[in-house]
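*Asks:* sequence? don't have it. structure:
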């Protein structure tokens, strides 16, 4: 029987690759996106477009009412988005309090609703330095909790946990994916900034694979 998987789909590179990987593995995929007041809400436009084109069931859940318990991050407030590499101390300003625990909990409820046995999300090795909710120990404990939170056990998986963004991109290129259909920049402007931590890591991934990023950048790189 085909497994049903809920993929938390932001519209970015990692979740885009994950979404297609699940389909290629023969899973019945339900994509779930969240509007939590992120300044880069433009990523949801990309998520909608991909799911409509591919015929993937897609829900966008508005949880902006929870902003008071997820505040203080440069991604959800008027604070400037720091520039530079993810491993720099300043990138802690991009941490949204308890974001993945909240999103995974909601995705687990949705998985029970649609008969899914697993929730996938795109945490990867490059996230570990800054984001506690992308580390192996967090995934292991969320998996344990979500398996006993309902009558129907739901597993939590992060298939890219041992990979960096360059390796994820390499996998996607091998699958023939089109990364012009993704949005990564933390600034939700017309073009990607090329300077925030998310852009820097994306550009490094493309450089490591010897290919050109199809997105347009503000500095016309």
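*Replies:* Perfect, thanks for sending it. The structure presented is a predicted model; accordingly, all values stated were derived computationally and were not measured.
*Asks:* quick one, strands of the chain?
*Replies:* Remark: strands assigned in the chain by DSSP state E are 4-8, 28-35, 58-62, 118-120, 155-157.
*Asks:* for residue 196, which non-adjacent residue is spatially closest?
*Replies:* Once flanking residues are discounted, residue 196 sits nearest to residue 186: 4.3 Å by CB to CB, 6 or more residues apart in numbering. To be clear about C-beta, it is placed using only N, CA and C from the backbone, and glycine gets the same treatment.
*Asks:* residue 53 versus that neighbour, what's the distance?
*Replies:* Distance from residue 186 to residue 53, counting by CB to CB, to the nearest Å: 25 Å.
*Asks:* please apply the same query to residue 213.
*Replies:* Look at residue 213 and residue 53: by CB to CB, they are 21 Å apart.
*Asks:* what about these two, which has more around it?
*Replies:* Legend: neighbour count by other CB atoms under 10 Å for residue 213 and residue 53, higher for residue 213 (21 against 9).
*Asks:* which residues sit in contact with the more buried one?
*Replies:* Applying CB atoms under 8 Å, 6 or more residues apart in numbering to residue 213 gives the contacts 179, 202-203, 206.
*Asks:* again with residue 136
*Replies:* Contacts for residue 136 (CB under 8 Å, 6+ apart) come out as residue 161.
*Asks:* ditto for residue 10
*Replies:* Residue 10 is in contact with 33-34, 43-44, 47, 122, counting by CB under 8 Å, 6+ apart.
*Asks:* repeat that with 6 Å
*Replies:* By CB atoms under 6 Å, 6 or more residues apart in numbering, the residues touching residue 10 are residue 43.
*Asks:* and the angle from the longest helix seen in the chain to strand 28-35?
*Replies:* Identified as the longest helix of the chain according to DSSP state H is helix 99-114. Put simply, helix 99-114 runs at 140 degrees to strand 28-35, going by axes from the mean of the first three to the mean of the last three CA atoms, to 10 degrees.
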